[in-house]
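Student: Next input, structure requested:
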Amino acid sequence: MTTTSRLLNLLSLLQTRRDWPGALLAERLEISHRTVRRDVDRLREMGYRIEATMGPDGGYRLDAGHELPPLLFDDDQVVALTVALQAAAVTGAGIEEAALRALTTVRQVMPSRLRHRLDAVEFATVPRTGDGPAATVSPEVLIAVSAAVRARDVLRFDYSSADPDAAGAPQPPPRRVEPHHLVTAQGRWYLVAWDLDRDDWRIFRADRIEPRTPAGPRFVPRELPGGDPRQFVSARFKGSETRDAWPCIGTVVLHLPASAVLLYAGDGTVEELGPDRCRYTVGAWSWSALAAALGRFDAEIDVVSPPELAEAFGRLASRFAATAAGGR
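Tutor: Below you'll find the predicted structure:
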C-alpha cells in the first residue's frame, strides 16, 4: 500500500467513529504502531485536528478544526451529496447559488465512474405551487432559530403580517416563544414553538421571522402534542389539533372509471367497482369543503358515508341554485 492510500484509509477510519485505539488502527491497516504515529503526524500537517487519547490502549480522535481541511467521501456519499445539492434549489433556504458552486466543485474532482453513476439519477426539481410564490429564508435566520432550538433559549422576534394591506400598520410587539423545532414542508420553512403570550402551540413561517437579540432565558422543553414535529405541522395544515388526519373523511361512489379519478385522488384512496364506477374515500377540513372538492369531478356522485357529507351536498346545492337564479 502506498503512503497516500494508507493515509486515505486512516482518515476514512478516523471519520467513522470518535475514538480509535492505536492498536486497533494498526491492526485494521496492517501496519506497525510506529507507522500509525507517523501517518497521524502527516494528517496533522495537512490541517486535520487529531488528538491523542489517554488510557491503557492509547488512541486517536478526529476533532473539528478552525479551518476546513480536505474531506474524504466514499462513492455512495458523493452521489448522496450531489443529489442533495441539486435538490437544494427548492428548499427555500436562500442557498441556491452556494449549492450550485458546491456542486460544480464536487463534480470537478469526481472520477468518471462516479459521474456516470450520478448521470443515471439526474432529475429536475419543480418549485412549490399553491398559495403564493415560494418564500426564501435567509441562512442567517435559519441559523439563529436553530441555535435557539438547540440551546433551549426563548426566542424573541418580529413577525411580519401575511396581509399586504398591513404594511403601513403599527408594528406589533415582538413575539416570545419557546422554539421546539424547524420543519420544512412544500418549499417553506416553519418554526414549531410554544407561544408564551398566547399560552399555546403555534406554527410560524420562518420567512416572516426577524430574530431579535439578545435571546431570552433558558427554558425546560415542553412535550409537543403527538411527539413528532412533522406530523404536528401536517395535522395543523389539515385543520386537526394533533392527529395527522383530516377531521372530515367521507366515502362516495363516483360514476367514473378509477383511472380517471386516480390522477386527482391526492391522499385519498380509490377502489375500482367496474368499468365506469369507483369508490373514493378522501378527507377535508370541513364537510362543505369536502363536498365542494368532490364536485370537481363533474360526474354523478352517490354518498356512502357519513350522513354529514350528504347534508353538506344539500347545503351547497341550495347555495349554488340561489347563485344561478341570481345571475339570470
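Student: remind me, longest helix of the protein?
Tutor: The helix that spans the most residues within the chain, counting by DSSP state H, is helix 307-326.
Student: Same question for it: list its buried residues.
Tutor: When burial is assessed from 16 or more other CB atoms under 10 Å, helix 307-326 yields the following buried residues: L309, A310, A312, F313, L316. C-beta coordinates here come from the backbone N, C-alpha and C atoms, glycine included.
Student: Against which helices or strands is it packed?
Tutor: Identification of packing neighbours for helix 307-326 by 3 or more CB pairs under 8 Å, 6 or more residues apart in numbering; DSSP states H and E yields strand 248-254, helix 287-294, strand 301-305.
Student: quick one, it and strand 248-254 angle?
Tutor: Here helix 307-326 runs at 70 degrees with respect to strand 248-254, directions being taken by axes from the mean of the first three to the mean of the last three CA atoms, to 10 degrees.
Student: in this structure, which spans are strands?
Tutor: Taking DSSP state E as the criterion, the chain carries its strands at 19-21, 49-53, 59-63, 155-159, 175-185, 188-195, 200-205, 209-211, 248-254, 269-274, 277-284, 301-305.
Student: Outline the domain layout of the protein.
Tutor: Taking automatic domain parsing as the domain assignment, the record places the domains of the chain at 3-63, 75-119, 139-237, 248-326.
Student: weakest of those by average pLDDT?
Tutor: Taking each of the domains of the chain in turn, the lowest mean pLDDT turns up on domain 75-119, with a mean of 73.
Student: what about that domain, distance to the chain center?
Tutor: Computed by CA atoms, centre = their mean, to the nearest Å, the chain-centroid distance of domain 75-119 equals 18 Å.
Student: one step back: can the buried residues of helix 307-326 go into JSON lines with extra columns for distance to P21?
Tutor: Output for these, formatted as JSON lines (distance: CB to CB, whole Å):
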{"residue": "L309", "distance to P21": "67"}
{"residue": "A310", "distance to P21": "72"}
{"residue": "A312", "distance to P21": "69"}
{"residue": "F313", "distance to P21": "72"}
{"residue": "L316", "distance to P21": "72"}
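Student: so which of those comes closest to L262?
Tutor: For the buried residues of helix 307-326, the minimum distance to L262 (CB to CB) is 20.8 Å, reached by L309.
Student: what sits against that closest one?
Tutor: The contact partners of L309, by CB atoms under 8 Å, 6 or more residues apart in numbering, come to C248, G250, V252, W287, L290, A291, V303.
Student: The fourth one: neighbour count?
Tutor: In this case it means W287. Here the number of neighbours of W287 (other CB atoms under 10 Å) works out to 21.
Student: Could you do E241 as well?
Tutor: When counting by other CB under 10 Å, one arrives at 11 neighbours for E241.
Student: List the buried residues in stretch 215-223.
Tutor: Buried, per 16+ other CB under 10 Å, within stretch 215-223: A215, F219.
Student: What lies in contact with it?
Tutor: In this structure, residues lying in contact with stretch 215-223 by CB under 8 Å, 6+ apart are A148, A151, R152, D153, V154, L155, R156, R176, E178, H180, W194.
Student: which residues does the residue nearest in space to the middle of the chain bridge with?
Tutor: For the chain, the residue sitting closest to the mean C-alpha position, by CA atoms, centre = their mean, is T184 at 3.7 Å. When bridges are called by DSSP bridges, T184 pairs up with W189.
Student: now swap in A284 and tell me
Tutor: The partner residues for A284, given DSSP bridges, come to C248.
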